[in-house]
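**Student:** build me a model:
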Amino acid sequence: MLLSPPHQRKLLIAAVVLAVSVGGGWLWSSASEPTLDAHLTTPGEVPYPTIATNSAVAGTSLPEVSLLTLDNKTIESITLIGKPLILNFWYSTCEPCRREMPVLAASADTHSSTVRFVGINMNDSIETATAFAAKYNVLYDIMFDPSGSFIGALGIGTAPMTLFVDAQGVIVDQVAGEITADKLESLITKWFAQ
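**Tutor:** Numbers count the residues shown, from 1 in each chain. As a prediction, this is how the structure comes out:
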C-alpha cells in the first residue's frame, strides 16, 4: 500500500517533530540537572531521634518513677533494683511482642531464682494486659507507666524493647525489636552469669 504524496509529507513531518521533541527534551533535561552536594553534616547521627526510635540507654541508671501494678497498686521503680532485672516493654496489639512473649515467659520460669523479669505495658488496659499475660502463661510481674514518665525517661519510642539491668540499677544492655530465645539466653549468660 503506497501513501499519497500529501500523506507521505504528513508522516515525514510527524517523524521530524517526534525526533526533535525527544532529542530536545533530553538535551534540556540533562542541562538542567543541579549539582549534587551529598556531604553529611552529622555523619552517624539519627536525624530525628524521637520519631519511632529508642534511645541508647546502656550505661545509664534506671530512672526513679512510680509504676502501677496489675492489681492497681503504685510501686516505685527503685524497688525493682536488687537483683539482675530484665524489663520488657510491650503492648497486646504489637505482633513482635506476641511472638516474643512465650520466649520471655519460658526464660523467666528458668531463671526466676537469679533474674527478675518485669513486663512494662505501654498502652493497654489492666484487663487487656491481664488476659494477654494469661494467654501466654506469663507469671512474672506486669506493670504500667500511666504518666509515661518511665518510658519517656528511657527514650522508648517503639516496642518491643528489652532492657538488661544489673543488681545496682545500671542498664547494661538493650535489644530493640523482637528478642529470640538464643539472644535472650546469651545476654543473660553474658551479663548475669555468676
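**Student:** which strand residues bridge the residue nearest to residue 85 when sequence neighbours are not counted?
**Tutor:** Counting by Cβ to Cβ, 6 or more residues apart in numbering, residue 85 lies nearest to residue 165, which is 4.1 Å off, once chain neighbours are set aside. Bear in mind the C-beta positions are built from the backbone N, C-alpha and C, glycine included. Partner residues in beta bridges with residue 165, using DSSP bridges, are residue 85, residue 171.
**Student:** going forward, count from 50.
**Tutor:** With the count now opening at 50, the last piece we talked about shows up as residue 214.
**Student:** if I look at residue 214, how far off is residue 137?
**Tutor:** Distance, residue 214 to residue 137, using Cβ to Cβ, to the nearest Å: 11 Å.
**Student:** repeat for residue 208
**Tutor:** Counting by Cβ to Cβ - residue 208 and residue 137 are separated by 9 Å.
**Student:** more crowded one of those two?
**Tutor:** Shown here are residue 208 and residue 137; by other Cβ atoms under 10 Å, residue 137 has more neighbours (26 against 23).
**Student:** what about that one, distance to residue 223?
**Tutor:** Counting by Cβ to Cβ, the gap from residue 137 to residue 223 is 11 Å.
**Student:** what residues are shared contacts of these two?
**Tutor:** With contacts taken as Cβ atoms under 8 Å, 6 or more residues apart in numbering, residue 137 and residue 223 have 210-212 as neighbours in common.
**Student:** and the next helix or strand past whatever helix or strand residue 59 lives in?
**Tutor:** Here residue 59 sits within helix 54-80, counting by DSSP states H and E. The first helix or strand that comes after helix 54-80 along the chain, using DSSP H and E, is strand 115-118.
**Student:** ok but residue 211 is inside a strand, no?
**Tutor:** Yes: under DSSP: H, G, I helix; E, B strand; the rest coil, residue 211 falls within a strand.
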